[in-house]
Each structure stands twice: as structure tokens, then as C-alpha cells.
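A.B. asks: Give me the fold of what follows.
(2 chains)
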Protein chains: 2
Amino acid sequence: LWPLSRAARPKFLLDLTGSGRSLLEQTWDRLAPLSSPERVVVVTGQSHVEAVRAQLDGLAAGNLLAEPAPRDSAAAIGLAAAVIAARDPDAVLGSFAADHVIRNQAQFEEAVRQAVVTARSGSGYLVTIGIEPDRPSTAFGYIQLGRNLAVPDAADACEVASFVEKPNALTAQRYLEDGGYRWNAGMFVCPAKLLLELLAQERPALYAGLTKIAQAWDLPERDTVLAQVWPDLEKVAIDYAVAEPAAAAGRVAVIPADLGWDDVGDFAALAALLPGTDDGVSVLGGQTHVFDLDSSGLAVAGGDRLIAVLGLEDIVVVDTPDALLVTTRERAQEVKAVVDRLRAAGRGGLL
Amino acid sequence: LWPLSRAARPKFLLDLTGSGRSLLEQTWDRLAPLSSPERVVVVTGQSHVEAVRAQLDGLAAGNLLAEPAPRDSAAAIGLAAAVIAARDPDAVLGSFAADHVIRNQAQFEEAVRQAVVTARSGSGYLVTIGIEPDRPSTAFGYIQLGRNLAVPDAADACEVASFVEKPNALTAQRYLEDGGYRWNAGMFVCPAKLLLELLAQERPALYAGLTKIAQAWDLPERDTVLAQVWPDLEKVAIDYAVAEPAAAAGRVAVIPADLGWDDVGDFAALAALLPGTDDGVSVLGGQTHVFDLDSSGLAVAGGDRLIAVLGLEDIVVVDTPDALLVTTRERAQEVKAVVDRLRAAGRGGLL
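C.D. replies: Numbering: from 1, shown residues only, chains lettered A, B, ... in the order given. Model prediction:
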């Protein structure tokens, strides 16, 4: 979402819905009814520790896990699982990205409740949540639903037949029509110990490293061990390292749910989240900053400037103090090309 | 040209061509070979006196005529004519707007030279310059050429058959095809005394008021007389008050010329003035401020921000520290509607 999000100010720290709460804060709020503050753990990059602390008053000091450098999701989530399991061997862990939007809170709570019930049923399932698609998106991976698992008190729990990669447009349309596919939003729930077992089985070196770090986590030698072990951890996505092999072995369940979910991957997605009509320009950052005439699309007022838009359909204007982006909803996914070009031109300070 | 030009920073004070000189400075430069610094008089609003002085080092202190309030062009040019005639009864006056662009300097000099010859020929002509049209513009009034006047050493001088109002598109096309029409750029040359005579004949009250002010101009009572007389002067355009009646009486001559002239009335006109290709976005204010991909149009970098434009044809982006305009070349003339709406909304501080 450049130039709104930057390396030093990623999406999860931003209020993208005009609610007054960042996506991270909204994630915290969303989990509050399902857990308790002292049981929420945040894993983030070292450079975002201060910002996360500033936003999350209620986060326990020991529950903020800082990655010295990005080692992908298996290391990040595996670290949380190892630290949590060391503190409470019976804990059930739920993993949720902090930069997504979920509009249907009640359905979310019910889905997580059923996921926890399924995870606790002793069946040995890793449980994911499958988002009901409302369009044939090619931007997400899909989960193919299998048979209902007849878990008591978790009526929706099904087996995962398979995880499938981001499809092309034709395949996405077929998935939507089929009705048996859900979006994979990367959310899952399972006993922390089970996650570690699956990791030990699939990625023994990664498991060993994470265990070493977790054992030192609440001790003075944490930083020494981290500095020694972290840089050599394998960089691999948890879906690829754990979820897909487990699904192939019939060990992943899914709770299908209609969450009003979005990962806000581009400005077209952001525009769809904001209030506004087809007649006008949706605004993030203060309606008084925008004057639109005969226009539609999205204006993000990230500064104090007035933004006047005249005679443009499906326009995207993102105004920040040091960078301005003008594009269309259709081209919004190509902002990466601008970012790449800026990096190549030595303008990395703007990224 | 809002938001680039503002009430306090009108077009003539701006460098609109990236040359490093404002339109006012370019007008000064253009007249230098035709006159001498001590014979150039500038008429401007009271609020722009400081800015004009700052730009025009060479302007004599007594040659900056400040209008206490805008009273339209007959009062402004009539004042200059009266002051000039009081100082030099035989002076020939040339009147040129300070917010136009003229690219063909040699042709301009030759046209003014012929205009002065015609004005001095004793024939009693008010002489205008008629711009060769390169498109069927509906934004300008036209001059219909009459017979050649056979003025010695001014071979191009013709009688003005008539001044015609801004035409509709069909009529403009007909004028272009006819070949006997020129754009009226409001430039004229004539003995200062003749202008005053025509004014005395057509607008006696305005003439009397201006004469009273001019007589006091170089005396201590100037301000008293100005304050007393100026507010009651008739607000009327010089074309309407003087040039049209004189043309009807067969007393206006025209020098047709191909000047590369433009009044830079909107951002489409500005875009056409700037270097750039159809493949990219023309830039005013520093190429390094603009990154464009698959786009064409105009970007004005009036601040230090980076402007990134992706996938937009014929876009106009005008970025200033407190206001940003995004529109298209086609809609550029409607910026007035945005300005009107801002004024109505009490946002006059941005105008």
C-alpha cells in the first residue's frame, strides 16, 4: 500500500478503515473476547517493537516476541509456539495476521470457538479457518473442503481435502461456482505442542533451533542464543512447511466461515472497505480534505493538504507528506512496479 | 491555473515554462529589444506591487502603476496612457499582457515594429496584433482581416474588418478554414494621445477621471486623488470601450503574425508548452519529482514531494504545499468549478 505504508510503518500499524484503530489494534480488539490480554502474544520485526508497544497498552512485556530479522512464517509462528508451549504445555495456539480486516465479529468468534473445540477434541487436527469467497479472487490460495468431521459442538468442522495455490481467473471462477472451496487466510488453531510435533517431523533443524531459542527465552541468555541461532533458521512459509504436508496426511481440519475478511492487499481492496458511493470518491483520512466533482474511486489524505479531484472515474489518489501516488483501481496491484523502480533509482528513502 | 496560481500569486508571477523566468520577467525580456527600461510601465494591483518590484530590478520606481482595486482593462490601460501622455505627449504606447507566452521572438519584434510604424504613420489608427491560429480555439475572440493598408515599411498592416466574440466550435472551424481570421490577444500599439482621444469620445466620464489622476500622478496629492476618483471609475474592458467602436469606424489596423502565442488559460495549454512526449508525463517543477509508468499528461511539482503516476492517460496532477489537483487535460478548463465550490465552502484561504 505504498506510499501509505512504508518499510518503517507497515500496514498493520495503520488505521485503514477510519475507525481510529490500526489493523493491529483491531486484531487485538477482535481477540479480546476469545482470550485474555496476558495470553496474547505478538511476533514482530525488531524494528517495529516500539510501535507495537505504543499501540498495545495491554500487551504483557514478555509476550512481545521480536524477530531479529525476517525468517518467514514458519520461524515466526514456530517461535511463538515454542515459547507458549514452554510456559503452558497444554496451551492451544491460534495464529492470526495483524494486517487483515474482519468485519463479521460474531462469525469470527464462533469460527474460532469451533476451531478450539476441534483442536481440543484429541483428534490431532491442525484447524484452519476457511473464508467464504464472495468473488473469484486470484489473489488468495484456496482450501478444498472434505467431509464433515462430526466433531461434537463444532458442527461446521470439515477435513481439508487439499490446499490449492492461487488460481488463474478461470479456475477461481470454477472454485466459486463449485461451492466447495474457501479462501486460505492463513489463520489456524491447534495445540502448541502439536504444531511443534508437526514441525519436528517436517523440518527437524528448524524445530531444533526454535526449541533452543524458546528454552532460553525467559532467561538472561536469550539475546546470545537468538543471535547465534536465528540467522541460520530456514526461511520457509508455515503453509508449505507444516500445513500442506499435514493436509496430505489428513491431519488438517477447517471451519468454513463468512467473516467479511480482506487482507487489504491493494488500494482497490482498501476502497471497497471504506464507506462511499459509486457517485463519489471514498475517503480515508478526513472527508474535509477531499473535494471531488464528477469522480469516483479512492482518496487517501495522509497529510493536511486539500485533494481536489475533477472528472476521473475509478481514480486512486494517495497523498502523504513526502510522496503522492496517482493511479486507478484497476492498476492498483501494480504499485509494486513503482516501488521497484524507486528502489532501483536509489530513492529507497521513500519506501 | 489553481492550485498553482493563487489570488496572492497570480499566473504572471510564476515560471510556467521551466525557463527560470516568470511570465512577467519573460514579458520584460521580450520588450527589452523594442524599448528601453525607463520606458516600460507596469500596471498591477496594489497587492502585487512588492512581488513585481522583486522580479523586475530594472523597472523605474515611477513606472510601476498600482491600481487601488481592479477596475478592468479600460481603467488600467487608460491610466497608463494618461500618465505616459502627461510625461511625453508624442509617446507611442504598446499594451501587452504580462501573463502570456510568446515563443517566436523575432516575429514578435517584427510585428511590433510594423505596428509602431503604422501607429506613427499619421493615419490615426489604433493598431492591434492578430495571432495566426493553429487550431479552431473557442477560448479566444477573433479579428476579421480587412484590406491591406499599404503602409510604407509595414507591409502586413491590414484594416480590421471586425472584432468577433469567442465562437462556438463550428464557427471556430470555419474561421480557421477561411484563413481571414486571427486571434485577438489583446495586444495593441497606438499613440497614447490617440487612445485618450478615443476614450474621451466613447467614455467621457472615465476619460475625465483618468486625466484627473494622471495630472496628480507625479505630485504629492496622487494618493488623495486616486482614493477619491478611482473607486467610481467605470469597470469596462478596453476592447468593448474603445477597440470595437473604433473598428466599427474603420480606425483599427492589425498586423497579422505567427507568434507561438498562448495565454496559458488552463493546464491543457500549460502541458502543450512544456517539453515532453506522448509517451510520458510532461513535468513542470523538476523531473526528479515525478515517476510515471504507462501514463501521459502533465505533472506540476510545486512542492518537494515525489509524484508517482501509474496507468493514466492525459492526467493532470498539480501538487502544491497546501492543495493538490487531480484532473484530466480534457476537464482542465473546469477547474474554475472546483475554485467556486471551495469559495462557497468557506475555503477561500486556499484560493
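A.B. asks: for the lengthiest strand in chain A, packing partners?
C.D. replies: Counting by DSSP state E, the longest strand found in chain A is strand A:181-191. Packing partners of strand A:181-191 (3 or more C-beta pairs under 8 Å, 6 or more residues apart in numbering or on different chains; DSSP states H and E): strand A:92-95, helix A:105-119, strand A:126-131, strand A:142-148. (C-beta placed from N, C-alpha, C; glycine too.)
A.B. asks: Send me that strand as PDB with only the CA atoms.
C.D. replies: Below are the C-alpha coordinates for strand A:181-191, written out as PDB (Å, rounded to 0.1, in the frame of the first residue of the first chain):
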ATOM      1  CA  TYR A 181     -13.600 -24.000  -1.900                       C
ATOM      2  CA  ARG A 182     -12.700 -21.500   0.800                       C
ATOM      3  CA  TRP A 183     -10.000 -18.800   0.800                       C
ATOM      4  CA  ASN A 184      -7.000 -19.600   2.900                       C
ATOM      5  CA  ALA A 185      -6.400 -16.600   5.100                       C
ATOM      6  CA  GLY A 186      -3.500 -18.200   6.900                       C
ATOM      7  CA  MET A 187      -5.400 -18.400  10.200                       C
ATOM      8  CA  PHE A 188      -5.100 -21.600  12.200                       C
ATOM      9  CA  VAL A 189      -5.700 -23.000  15.700                       C
ATOM     10  CA  CYS A 190      -4.000 -26.100  17.300                       C
ATOM     11  CA  PRO A 191      -2.300 -27.200  20.400                       C
END
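A.B. asks: the inter-axis angle of that strand versus strand A:142-148?
C.D. replies: Put simply, strand A:181-191 runs at 70 degrees to strand A:142-148, going by axes from the mean of the first three to the mean of the last three C-alpha atoms, to 10 degrees.
A.B. asks: any idea of the mean pLDDT in the helix or strand following strand A:181-191?
C.D. replies: Where DSSP states H and E defines the elements, the next helix or strand beyond strand A:181-191 is helix A:192-202. The pLDDT scores in helix A:192-202 average 96.
A.B. asks: Can you name the next helix or strand after helix A:192-202?
C.D. replies: helix A:204-216.
A.B. asks: Okay, strands next: where are they in the stretch 201-350 of chain A?
C.D. replies: A:252-257, A:261-262, A:281-284, A:290-293, A:297-301, A:306-310, A:315-319, A:323-328 (DSSP state E, counting those that start in this stretch).
A.B. asks: packing partners for the last one?
C.D. replies: Judged by 3+ C-beta pairs under 8 Å, 6+ apart, the packing partners of strand A:323-328 are strand A:315-319, helix A:335-344, strand B:306-310, strand B:315-319.
A.B. asks: Mean pLDDT lowest where, among the ones you listed?
C.D. replies: helix A:335-344 - the lowest mean pLDDT of the helices and strands packed on strand A:323-328, at a mean of 90.
A.B. asks: Buried ones in it, by neighbour count?
C.D. replies: Neighbour-count burial for helix A:335-344, counted by 16 or more other C-beta atoms under 10 Å in any protein chain shown, picks out A:335, A:337-339, A:342.
A.B. asks: would you turn the strands of the stretch 201-350 of chain A into a markdown table with mean neighbour count and distance to residue B:55?
C.D. replies: Output for those, formatted as a markdown table (neighbours: other C-beta atoms under 10 Å in any protein chain shown; distance: least, C-beta to C-beta, whole Å):
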| stretch | mean neighbour count | distance to residue B:55 |
| --- | --- | --- |
| strand A:252-257 | 26 | 67 |
| strand A:261-262 | 22 | 53 |
| strand A:281-284 | 24 | 38 |
| strand A:290-293 | 23 | 32 |
| strand A:297-301 | 26 | 34 |
| strand A:306-310 | 24 | 28 |
| strand A:315-319 | 26 | 31 |
| strand A:323-328 | 26 | 29 |
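A.B. asks: got the contact list for the residue nearest to residue A:275 when sequence neighbours are not counted?
C.D. replies: Spatial nearest neighbour of residue A:275, chain neighbours left out: residue A:282 (6.9 Å); criterion: C-beta to C-beta, 6 or more residues apart in numbering or on different chains. Shown in contact with residue A:282 (C-beta atoms under 8 Å, 6 or more residues apart in numbering or on different chains): A:271, A:274-276, A:297-299.
A.B. asks: what are the bridge partners for residue A:282, then?
C.D. replies: Applying DSSP bridges to residue A:282 gives these bridge partners: residue A:298.
A.B. asks: tell me the phi and psi of residue A:67?
C.D. replies: phi -80, psi 130 (degrees, to the nearest 10).
A.B. asks: For it, which non-adjacent residue is spatially closest?
C.D. replies: Residue A:67's closest residue in space is residue A:45 (C-beta to C-beta, 6+ apart), at 5.5 Å.
A.B. asks: can you pull the contacts of that neighbour?
C.D. replies: A:66-67, A:69-70.
A.B. asks: Of those residues, keep whichever come out buried.
C.D. replies: Looking at the contacts of residue A:45 with 16+ other C-beta under 10 Å, the buried ones turn out to be residue A:67.
A.B. asks: Closest to chain B out of the contacts of residue A:45?
C.D. replies: residue A:70 (25.5 Å; C-beta to the nearest C-beta).
A.B. asks: Now for that closest one: which residues touch it?
C.D. replies: A:45, A:235.
A.B. asks: and it, that one's in a helix?
C.D. replies: No: counting by DSSP: H, G, I helix; E, B strand; the rest coil, residue A:70 is not part of a helix but coil.
A.B. asks: Let me know whether residue A:151 touches residue A:118 as I believe.
C.D. replies: Yes: with contact defined as C-beta atoms under 8 Å, residue A:151 counts as touching residue A:118 (4.9 Å).
A.B. asks: rewinding a little: which one of the buried residues of helix A:335-344 is nearest to chain B?
C.D. replies: Distances from chain B to the buried residues of helix A:335-344, taken by C-beta to the nearest C-beta, are shortest for residue A:338, at 4.8 Å.
A.B. asks: looking at the sheet around the spatially closest residue to that closest one that is not a sequence neighbour, what are its partners?
C.D. replies: Using C-beta to C-beta, 6+ apart and skipping the chain neighbours, the partner closest in space to residue A:338 is residue B:308 (4.8 Å). Taking DSSP bridges as the rule, residue B:308 bridges to residue A:325, residue B:291.
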